[in-house]
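[1] Prediction below, plus the sequence it came from.
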Amino acid sequence: MKNKRIFQILVLIILFAWFAVYFYQNIDEFRQLRIVNAWYLIPMILFSIVASVNNGLILKFFLLPFGVLLKFKEYFGLVIINSMTNYLTPLRGGIAVKAIYLKKRHQLSYTHFLSMFAGMNIVMFLVTSFVGIVTVLLFRYIYGIFNALVFSIFLLLFLLLLGVMMFSPKIKETKYRLINIFINVLNGWHLVKHHKRAIFFTGFIAFINIAIMTFGMFFSFRVFGIEIALLQVLFLSVMAGLSLLISITPGGLGITETIVAFTAVVIQMPVSEVLAVSILSRFINLGLLFILGPIFSYILMNQKNDKNEENNIL
């Protein structure tokens with residue numbers, strides 16, 4: 001854990017050093033950016049909240065195959081607490097908080113939680129990679145811009161995840177306990193794989209979430225008075241979504257910004273504008289998380305464990 005923490009800090013230092021150098025070298029571009037219409041901050045906040053609700057719904061539907069039915073305060077609260085904790089702990093530590101809650105409150109084993117978490121990410125990144133492929137092709141058709149590296153990443157990710165969904169075999173347990181834990185995680189995917197309703201709703205909500213992120217970022221540009229096409233914002237949103245795959249810093253700090261800066265170069269947009277929008281979105285999300293996070297932490301920690309109520313719900 002100590003080595004991971006040191007690595008995390010080194011990555012942050014490198015990224016912030018890069019941002020500092022870039023900001024210094026392009027300070028005139030940043031000086032030209034002004035908040036033109038603060039009213040657009042309102043839809044940005046609303047879209048951020050709706051995105052968290054949607055992520056909660058994905059959690060809710062993916063837990064159905066394991067016999068767990070979450071209330072709104074649980075699936076929304078867990079997403080908020082998970083995201084807040086990710087900023088406070090290394091390597092997405094919020095996942096552990098979510099696993100512990102589901103174990104104590106709903107008796108969901110850690111093995112089944114890992115299966116659920118893996119399956120949920122398979123579906124979400126499958127949708128993201130598919131939208132990415134379509135977006136890259138549309139860029140080539142409309143703007144004549146094509147990046148083979150980005151297209152290859154999306155295509156390989158899509159084919160890999162599709163193969164896992166369609167052809168993952170059920171593995172027999174061995175006599176080794178640690179190996180069996182890993183095998184049970186993989187086999188737990190089969191509980192989800194045959195639950196068509198959970199996969200359908202998760203995929204559908206994942207598509208909606210991409211649309212929500214796109215419109216939220218669109219309004220972020222409007223805050224600065226920047227005119228931008230929805231297709232460009234869609235591409236930025238999809239690329240930002242991929243940052244979750246390599247979220248090795250608290251809350252993906254610096255990772256997301258680096259990816260969107262690279263994306264800006266690919267689609268021939270000013271990097272300063274994209275970074276300003278990304279940083280603004282980051283501050284809004286942080287504000288919401290650290291306002292709602294403590295509230296839902298208190299609510300979930302102090303709720304009564306009423307078995308009769310849970311039985312009636314189930």
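    Happy to help now that I have it. Numbering: from 1, shown residues only.
[2] so what's Met213 closest to, chain neighbours aside?
    By the measure of Cβ to Cβ, 6 or more residues apart in numbering, the closest residue to Met213 outside its immediate chain neighbours is Ser237, 4.3 Å from it. From N, CA and C alone the C-beta is placed, and that goes for glycine too.
[3] Neighbours of the one you found, how many?
    26 (other Cβ atoms under 10 Å).
[4] Who are the contact partners of it?
    Listed by Cβ atoms under 8 Å, 6 or more residues apart in numbering, the contact partners of Ser237 are 210, 213-214, 217.
[5] got a winner among those residues for most neighbours?
    Highest neighbour count within the contacts of Ser237, by other Cβ under 10 Å: Met217, with 26 neighbours.
[6] Is that residue within a helix or a strand, and which one?
    According to DSSP states H and E, Met217 maps onto helix 196-223.
[7] All the strands of the stretch 101-250 of the chain, residue numbers only.
    Per DSSP state E, counting those that start in this stretch, the stretch 101-250 of the chain carries no strands over any range.
[8] Just the helices from it, written as ranges.
    110-143, 148-167, 177-193, 196-223, 230-242 (DSSP state H, counting those that start in this stretch).
[9] ok, back up a step: I'd like to know how far the residue nearest to Met213 sits from Ala276.
    When distances are taken as Cβ to Cβ, to the nearest Å, Ser237 and Ala276 turn out to be 16 Å apart.
[10] likewise Gly132?
    On the measure of Cβ to Cβ, Gly132 and Ala276 end up 24 Å apart.
[11] who has more neighbours, these two?
    The residue with more neighbours, out of Gly132 and Ala276, is Gly132; 26 against 20, by other Cβ under 10 Å.
[12] out of everything not next to it in sequence, what's closest to that one?
    Phe154 (3.7 Å).
[13] And the pLDDT for Val11?
    According to the model's per-residue confidence, Val11 sits at a pLDDT of 63.
[14] Three-state assignment for Gln303, please.
    Under DSSP: H, G, I helix; E, B strand; the rest coil, the three-state class of Gln303 is coil.
[15] Need the nearest residue in space to it, chain neighbours excluded.
    Using Cβ to Cβ, 6+ apart, the nearest residue to Gln303 is Lys73, at 7.8 Å.
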